[in-house]
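# Structure for this input, please:
(one chain, ligands or ions: 1)
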Amino acid sequence: MKNILILGGTGFVGAHVCEKLAREEWDITVATRRENNARNVMHLPGLTVQECDIHDEAALTRLAKGHDAVVNLVAILHGDKQSFQRVHVDLPRKIAAACAASGVTRLVHVSALGANPQQPQSAPSMYLRSKSEGEAVLLAQCSALALTILRPSVIFGHGDKFLNLFAAMQQVAPFVPLACADAQFQPVWVEDVANAVVKALERTHPGAQTYEACGPEVFTLKQLVEISAKLAGINQGKGRPVFSLPHWAASLQARTMEMLPGNPLMSRDNLDSMKLPSVATPGAPGLSALGIEPAALQAVAGDYLDEGSPWHSLLGVRKRANWK
Ligand SMILES: NC(=O)c1ccc[n+]([C@@H]2O[C@H](COP(=O)([O-])OP(=O)(O)OC[C@H]3O[C@@H](n4cnc5c(N)ncnc54)[C@H](OP(=O)(O)O)[C@@H]3O)[C@@H](O)[C@H]2O)c1
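Here you go, the predicted structure:
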């Protein structure tokens, strides 16, 4: 039996990874801050949920012991500099140390497209700078590890907080005031990302490999808002008028959202992240190097975007994002 510890296994990507590994009969431990957060995966065969403070290095080392591999999917999208440092930089350092101390030899770390471990300070946002530094600490500590870093663009799929949110917004709003309408993305299907994690676990030789995880097409944010409406059939597929906000208005909108309770739908740091196109780097290894042919967004997203009522969808997204 192959044993795996998954950090962040209760999240959007984590649930898909757990399902795939359960199907392949891995023995899975999912660490969580609160057992209740693991409702979406605890039914899976061979899966054990373990409440743990993974930021406590001794506890993490005890947890890692006896596992063949660790997958790190823990991340935050909003926070201050200290929170990003703790989750995206200090935690990977502790994970690498825990792997070394407990004899784990395989680590898959999910980062983000745009991370640049050679020059973390050149990244435009706290999110991307901390993701870059997290990669850098792992690369510095991985001599005995088979380390795979995956860098996805924005991820779509059942349960996403992205196309579902755009569709839900257009069900209730007469128009969409959109920040960074021209920002570019190369959206990737969550099943392809989960497959990439599983494929990466086949690597056993020490050393680091980095793969970008992107879909086959590049879209602007405005196009993605329009596609979400078309696929969800909103306003006979025509959606709502989309107005591009100028930078000052986008910043004001994000600042206002930051003041609302719970995680904001958009923060000023998110706007900074979108200054960098989230598209594949020419020549960089991508999903095809792992034997995966990524699915096209419009071939897949229609299957889940018209599920249930839009209000249910909006509330579901808010709940998953903020109120776990
Ligand atoms: N979703 C995307 O579009 C996207 C795009 C690019 C890259 N990524 C990367 O893909 C990975 C997975 O993303 P995701 O969308 O699945 O994230 P997610 O749904 O937000 O899940 C993240 C998980 O991390 C855990 N977590 C969050 N904050 C934590 C903290 N302070 N301490 C400990 N654990 C914490 C949570 O587990 P518990 O609540 O159970 O503790 C949560 O289930 C991340 O590295 C993310 O940066 C995602």
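
# Only C-alpha atoms from now on, for both contacts and neighbour counts.
Will do.

# Can you classify K222 as helix, strand or coil?
What DSSP: H, G, I helix; E, B strand; the rest coil gives for K222 is helix.

# That one contacts Q184, doesn't it?
No: counting by C-alpha atoms under 8 Å, K222 does not reach Q184; the two are 9.2 Å apart.

# got a list of contacts for stretch 264-271?
77-78, 125-127, 179-180, 250-251, 254-255, 257-258 (C-alpha atoms under 8 Å, 6 or more residues apart in numbering).

# I'd like to know which of those are buried.
When those are checked for burial by 16 or more other C-alpha atoms under 10 Å, the buried set is H78, S125, M126, Y127, A179, C180, A250, S251, A254, R255, M257, E258.

# what comes up buried for the strand or helix carrying the fourth one?
Taking DSSP states H and E as the criterion, the element that holds Y127 is helix 126-141. Taking 16+ other C-alpha under 10 Å as the basis for neighbour counts, the residues of helix 126-141 that come out buried are 126-139, 141.

# and which of those residues is nearest to the ligand?
K131 (7.8 Å; C-alpha to the nearest ligand atom).

# Surely the closest one and V87 touch.
No: the pair K131 / V87 is not scored as a contact, 9.3 Å apart, by C-alpha under 8 Å.

# and A213, what does it touch?
A213 is in contact with L113, L150, R151, P152, S153, V188, V193, A280, G286, L287, counting by C-alpha under 8 Å, 6+ apart.

# Who does the residue nearest to the last one when sequence neighbours are not counted form a beta bridge with?
Across the structure, with C-alpha to C-alpha, 6 or more residues apart in numbering as the measure, the residue nearest L287 apart from its sequence neighbours is A213 (5.6 Å). Beta-bridge partners for A213, by DSSP bridges, are P152.

# Report the separation between A213 and P241.
When distance is defined by C-alpha to C-alpha, to the nearest Å, A213 is 31 Å away from P241.

# Kindly report the same for L305.
As it turns out, when the distance is counted by C-alpha to C-alpha, L305 lies 19 Å from P241.

# Give me the more crowded residue out of the two.
Neighbour count, other C-alpha atoms under 10 Å: between L305 and P241, L305 has more, with 27 against 14.

# what about the residue lying closest to the more buried one once chain neighbours are set aside, how many neighbours?
Counting by C-alpha to C-alpha, 6+ apart, A232 is the residue found nearest to L305 once chain neighbours are left out, at 5.2 Å. Here the count is done by other C-alpha under 10 Å, and A232 has 27 residues near it.

# same question, N37
When counting by other C-alpha under 10 Å, one arrives at 17 neighbours for N37.

# shouldn't it be in contact with G8?
No: in terms of C-alpha under 8 Å, N37 does not count as a neighbour of G8; the distance is 10.2 Å.

# N235: what's it in contact with?
Taking C-alpha under 8 Å, 6+ apart, one finds A229 in contact with N235.

# repeat that with 10 Å
The neighbourhood of N235, defined by C-alpha atoms under 10 Å, 6 or more residues apart in numbering, consists of Q170, Q171, A229.

# Alongside the ligand, which residues does this protein contribute?
8-14, 32-33, 37-38, 73-76, 87, 110-112, 152-155 (C-alpha under 6 Å from any ligand atom).

# Please pick out the residue of the protein most distant from its centre.
Here the chain reaches farthest from its C-alpha mean at Q236, the gap being 31.1 Å by C-alpha atoms, centre = their mean.
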